[in-house]
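Student: Kindly generate the corresponding structure for this input.
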Amino acid sequence: MFGVTESLARPTAIAVPVAELVIAVLLVSDATARAGGLAAALALIVFSAAVARLMARGEAPDCNCFGPLHSSHVGPGMLARNLVLAAVGVAVAVAGPGAGLGIAFAAWAGLVGVAAIAVVGFATWRERAQTRRRLGAIGKSAAD
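Tutor: Numbers count the residues shown, from 1 in each chain. A predicted model of the protein is given here:
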């Protein structure tokens, strides 16, 4: 499960959905929305780091992030989604519930978007470079 050791896989599989539910509850109330936004951003950054680590290692395990409704491979799209959602969590933590985000937020969100695109672009480039090296090695061994 995303690089978690075998002994921690089961507790993590239980803790992650529970933490996600707690975050969702925090986001409902005005009094706790900022904390919920911050917790959501932190969780998504941790998930993004795990995805980036797997991509850097050339691994693409299945992610059943939405249970039986949807399964996909870990990859650049998932990384981009997590980073965009983390930015939304930061926006809630900064602006608070129901607050206007204004033009300053639009500029900040644009910067976060560009950074997310750069991270995903780099990860994709690296993944493709690793694939080309592996294919080259396979071709060499087949020729021998």
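Student: so where's the longest helix in the protein?
Tutor: Longest helix in the chain by number of residues (criterion: DSSP state H): helix 102-143.
Student: helices or strands next to that helix in the packing?
Tutor: Contact analysis of helix 102-143 by 3 or more CB pairs under 8 Å, 6 or more residues apart in numbering; DSSP states H and E lists helix 33-56, helix 76-95 as its packing neighbours. Just so you know, the C-beta spots here come from the backbone N, C-alpha and C atoms, and that holds for glycine as well.
Student: Give me the contact list for the first one.
Tutor: Contacts with helix 33-56, where a contact means CB atoms under 8 Å, 6 or more residues apart in numbering, come from 2-3, 19-20, 22-28, 60-61, 74-76, 78-79, 82-83, 85-94, 96-97, 119, 123, 126-127.
Student: Which among these count as buried?
Tutor: Of all the contacts of helix 33-56 considered here, the ones buried according to neighbour count by 16 or more other CB atoms under 10 Å are 2, 23, 26-27, 74-76, 78-79, 82-83, 85-87, 89-93, 119, 123, 127.
Student: Tell me how far the residue nearest to E59 when sequence neighbours are not counted lies from P97.
Tutor: Counting by CB to CB, 6 or more residues apart in numbering, E59 lies nearest to V74, which is 7.2 Å off, once chain neighbours are set aside. Going from V74 to P97 by CB to CB, to the nearest Å gives 32 Å.
Student: What of E6?
Tutor: The spacing between E6 and P97, counted by CB to CB, is 41 Å.
Student: Could you export the helices and strands packed on helix 102-143 as CSV, including distance to K140?
Tutor: Converted to CSV, the helices and strands packed on helix 102-143 look like this (distance: least, CB to CB, whole Å):
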stretch, distance to K140
helix 33-56, 24
helix 76-95, 28
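Student: Please identify which of those helices is closest to R134.
Tutor: helix 33-56 (14.1 Å; CB to CB).
Student: Give the buried residues for the closest one.
Tutor: Going by neighbour count (16+ other CB under 10 Å), the buried part of helix 33-56 is 33-34, 36-41, 43-44, 47-48, 50-52, 54-55.
Student: Can I get that helix in PDB, CA atoms only?
Tutor: Output of helix 33-56 as PDB, limited to C-alpha atoms (Å, rounded to 0.1, in the frame of the first residue of the first chain):
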ATOM      1  CA  ALA A  33     -13.200  24.900   8.700                       C
ATOM      2  CA  ARG A  34      -9.700  26.400   8.900                       C
ATOM      3  CA  ALA A  35      -8.400  23.400  10.800                       C
ATOM      4  CA  GLY A  36     -10.100  21.100   8.300                       C
ATOM      5  CA  GLY A  37      -8.600  23.000   5.400                       C
ATOM      6  CA  LEU A  38      -5.100  22.800   6.900                       C
ATOM      7  CA  ALA A  39      -5.600  19.100   7.700                       C
ATOM      8  CA  ALA A  40      -6.800  18.400   4.200                       C
ATOM      9  CA  ALA A  41      -3.900  20.200   2.700                       C
ATOM     10  CA  LEU A  42      -1.400  18.300   4.900                       C
ATOM     11  CA  ALA A  43      -3.000  14.900   4.100                       C
ATOM     12  CA  LEU A  44      -2.900  15.700   0.400                       C
ATOM     13  CA  ILE A  45       0.700  16.800   0.500                       C
ATOM     14  CA  VAL A  46       1.600  13.500   2.300                       C
ATOM     15  CA  PHE A  47      -0.400  11.600  -0.400                       C
ATOM     16  CA  SER A  48       1.400  13.600  -3.100                       C
ATOM     17  CA  ALA A  49       4.800  12.800  -1.700                       C
ATOM     18  CA  ALA A  50       3.900   9.100  -1.700                       C
ATOM     19  CA  VAL A  51       2.800   9.300  -5.300                       C
ATOM     20  CA  ALA A  52       5.900  11.200  -6.300                       C
ATOM     21  CA  ARG A  53       8.100   8.600  -4.600                       C
ATOM     22  CA  LEU A  54       6.400   5.700  -6.400                       C
ATOM     23  CA  MET A  55       6.700   7.600  -9.700                       C
ATOM     24  CA  ALA A  56      10.400   8.300  -9.200                       C
END
